[in-house]
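> Take a look and give me a structure for this.
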Amino acid sequence: QYVLSERSALKMKQKFWSSWGNGDYQVKDLDDKVWFVCDQKFWDLNNERSLLDGNGEVVCTALEKLASVRSTWHIYQNGFRKATIAKKILSTKSWGEVYMVYVWDTPDTLDKFTKDSDTELDPYQPTLCFTGWGIEMFTLEAGKTEPTKDSVPWARTQETLSWRDVVLDAETYLLEVAPNVDIAFANMLTMIVAKDLD
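Sure thing, here's the model as predicted:
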């Protein structure tokens, strides 16, 4: 449903007073069609965030892992864990901050983890990663935890500034996503990293 055959560009605009709860980000295309809204629960211990479609239906939900030595988030869809994103403790300086994404869609892990499941990440290989400079997303080569110099990002985020954003202390991002990529998943991952880098 959210995998498009053409390259897409989406505007992620933080709404005024979003820190107080509902409607953290609104996501539109360049024709101002609303695709998603990020709904954040106020004073939730796990910083629960839900990505809603244009009709208000939940597409996926993200929960922050408590008492973790590194910033870690779990993304859930239909009651099962779809992915885990974890900040790498040590990373190559040229990449800035690096976030590893573990996607649970292999035959061994598909529909295996729920909200009550514990996850030990060390036995698993991350599939994707984000870099903190420009928030670029890459597919990782086997055995790698960071992109190589030849890696081509499949999504890239650029922060845009306006006087409105400066006055209201808000943020607006332009997210470009390659063809055949789930734009809902890319938006949720981007919102997590953007907030963590604040």
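> Wasn't residue 188 part of a helix?
Yes: per DSSP: H, G, I helix; E, B strand; the rest coil, residue 188 lies within a helix segment.
> Can you tell me the number of residues neighbouring residue 32?
By the measure other CB atoms under 10 Å, the count of residues near residue 32 is 7. In short, each C-beta sits where N, CA and C put it, glycine included.
> what stretches of the chain score poorly on pLDDT?
15-23, 42-45, 90-96, 107, 110, 132-134, 160-170, 196-198 (pLDDT under 70).
> all strands in it, in order from the N-terminus.
Here the chain has its strands, by DSSP state E, at 8-14, 25-29, 34-40, 49-53, 58-64, 72-77, 80-87, 98-103, 128-131, 136-139, 155-160, 172-177.
> Would you tell me which one of those strands is buried the most?
strand 128-131 (a mean of 24; mean count of other CB atoms under 10 Å).
> Sheet partners, orientation included, of that strand?
Applying DSSP bridges to the sheet, strand 128-131 is found paired with strand 98-103 (antiparallel), strand 136-139 (antiparallel).
> Save the ones you listed as TSV, and put in distance to residue 51 too.
Below are those laid out as TSV (distance: least, CB to CB, whole Å):
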stretch	distance to residue 51
strand 98-103	16
strand 136-139	16
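> residues contacting the residue nearest to the spatial centre of the chain?
In the chain, the residue lying closest to the centroid (CA atoms, centre = their mean) is residue 189, at 0.7 Å. Residue 189 makes contact with 75, 83, 85, 101, 128, 130, 137, according to CB atoms under 8 Å, 6 or more residues apart in numbering.
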